[in-house]
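**Student:** how would this look folded up:
(2 chains)
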Amino acid sequence: MEGSWVPGAERARSIDDVLALRPDLAEPLDDLKTKLRTGPVDAELLDVCEALVRQRIGVPVTRAVPDTASAGLDARTRTVLFLAEQFVIDPHGIDVELRDAVLDHCSLAELATLVQALAVFDALARMEAVLTRPDEE
Amino acid sequence: MARHPIPGDVLEENPVAAAAFWRLYGTLWSHGTVDQPTKEVARLRNARTTGCNYCKAVRFQGARDQGLTEARVELIDDDYATSTLEERDKVVMALVDTMLQDPHHLEDHEREALLAELDAGQLVELTLGIGLFHGFSKIAVALGPPPEMPTMVVPTPDWPR
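**Tutor:** Next up is the predicted model:
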């Protein structure tokens, strides 16, 4: 993030810098993110999901995003990334077959964690995109 | 027929995260600085755009108590820009549409209109709210789209007791 148009956050380098304008919201949001990352889904998988969500929404990512069709991915990671991609693009495209495929590899607790994490990643990426200072060309 | 049925309260399968979400959501709705009708207009615009039947049916009591009528809610459709809704509602719905469809392309006049209606902290609250409304309505759709249902007034989210 290279600055925001929100007054008081003109020099923001991340959405956290913008959220710092509202510590009453930033604190419970940080707590939610922590609780998701220390839950039943490994942090590495959540990191890859976050990178994919951010890439699809078009905000900067700090790690490579694997191709969801890559043969190098294990079946669990590939299925979860496909879920993440559909979640960003159009959740109506997530059908019973995909839900069953995810649950072939994940428990209900993992699914609950994954979808909440995807919702938060999606929310913060869209927030970052809309609040970033526009290019002055 | 699903091989793995998903219970309606599946988010409670991770009760620690669910409690953390409700604390955040309760803070945003009941302890924020943006009036509840403004947030409800944004939530319902998202609900109708995202196509979440449950989110479309729900009305939060606090927004009703603060004056958001069903007649005003009826105008939250694709013709809102030319409706009799107040300018603030139209500005907020345009922000929702931009965040959902193309969040990189908020127009200069839309930024100016938002800054005329909301202070910096309120902009943070409203954009975080829209992001959460969108993300969590997507969960409802992704886990098995709920059927259409009648309008129902429910308590405004608040901190868990």
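**Student:** for B:V153, pull up the helix or strand it's in.
**Tutor:** strand B:152-154 (DSSP states H and E).
**Student:** in its sheet, which strands sit next to that strand, and in what direction?
**Tutor:** With DSSP bridges as the test, strand B:152-154 is paired with strand B:58-60 (parallel).
**Student:** tell me the mean pLDDT over the following helix or strand past the partner strand?
**Tutor:** Downstream of strand B:58-60, the next assigned helix or strand under DSSP H and E is helix B:61-65. Across helix B:61-65, pLDDT averages out at 98.
**Student:** which strands and helices sit next to helix B:61-65?
**Tutor:** Applying 3 or more C-beta pairs under 8 Å, 6 or more residues apart in numbering or on different chains; DSSP states H and E, one finds that helix B:61-65 makes contact with helix B:36-50, strand B:152-154. For the C-beta atoms, the positions are set from N, CA and C on the backbone; glycine is no exception.
**Student:** may I see the buried residues of that helix?
**Tutor:** B:G62, B:A63, B:R64 (16 or more other C-beta atoms under 10 Å in any protein chain shown).
**Student:** kindly indicate which of the residues you listed lies nearest chain A.
**Tutor:** B:G62 (17.3 Å; C-beta to the nearest C-beta).
**Student:** which strand or helix spans the residue lying closest to that closest one once chain neighbours are set aside?
**Tutor:** Among residues not flanking B:G62 along the chain, B:T156 sits closest, at 3.6 Å (C-beta to C-beta, 6 or more residues apart in numbering or on different chains). Assigned by DSSP H and E, B:T156 falls within no helix or strand.
**Student:** try A:R54
**Tutor:** Assigned by DSSP H and E, A:R54 falls within helix A:43-57.
**Student:** so what touches that helix?
**Tutor:** Here helix A:43-57 makes contact (C-beta atoms under 8 Å, 6 or more residues apart in numbering or on different chains) with A:36-37, A:60-66, A:68, A:76-77, A:80-81, A:84-85, A:87-89, A:114, A:117-118, A:121-122, A:125-126, A:129, B:103.
**Student:** packing partners for the next helix or strand after it?
**Tutor:** For helix A:43-57, the following helix or strand on the C-terminal side (DSSP H and E) is helix A:75-89. Helices and strands touching helix A:75-89, by 3+ C-beta pairs under 8 Å, 6+ apart, are helix A:43-57, helix A:96-105, helix A:108-131, helix B:120-142.
**Student:** quick one: the longest one near chain B?
**Tutor:** Okay, so that is helix A:108-131. Yes. Counting by C-beta under 8 Å from any C-beta of the partner chain, chain B is contacted by helix A:108-131 at A:108-109, A:111-113, A:115-116, A:118-124, A:126-127, A:129-131.
**Student:** can you pull the contacts of the spatially most central residue of chain A?
**Tutor:** Centroid check for chain A by C-alpha atoms, centre = their mean gives A:F121 as the closest residue, at 2.6 Å. Contact analysis of A:F121 by C-beta under 8 Å, 6+ apart lists A:C49, A:E50, A:V53, A:R54, B:G135.
**Student:** low-confidence bits of chain A, can you list those?
**Tutor:** Low-confidence segments of chain A (pLDDT under 70): A:136-137.
**Student:** how about a cut-off of 80?
**Tutor:** Along chain A, segments meeting pLDDT under 80 span A:70-71, A:135-137.
**Student:** distance of the most centrally placed residue in chain B relative to chain A?
**Tutor:** Closest to where the C-alpha atoms of chain B average out (C-alpha atoms, centre = their mean) is B:R43, at 1.8 Å. Taking C-beta to the nearest C-beta, to the nearest Å as the measure, B:R43 falls 13 Å from chain A.
**Student:** for that residue, which non-adjacent residue is closest in space?
**Tutor:** Per C-beta to C-beta, 6+ apart, closest to B:R43 is B:F133, 4.7 Å.
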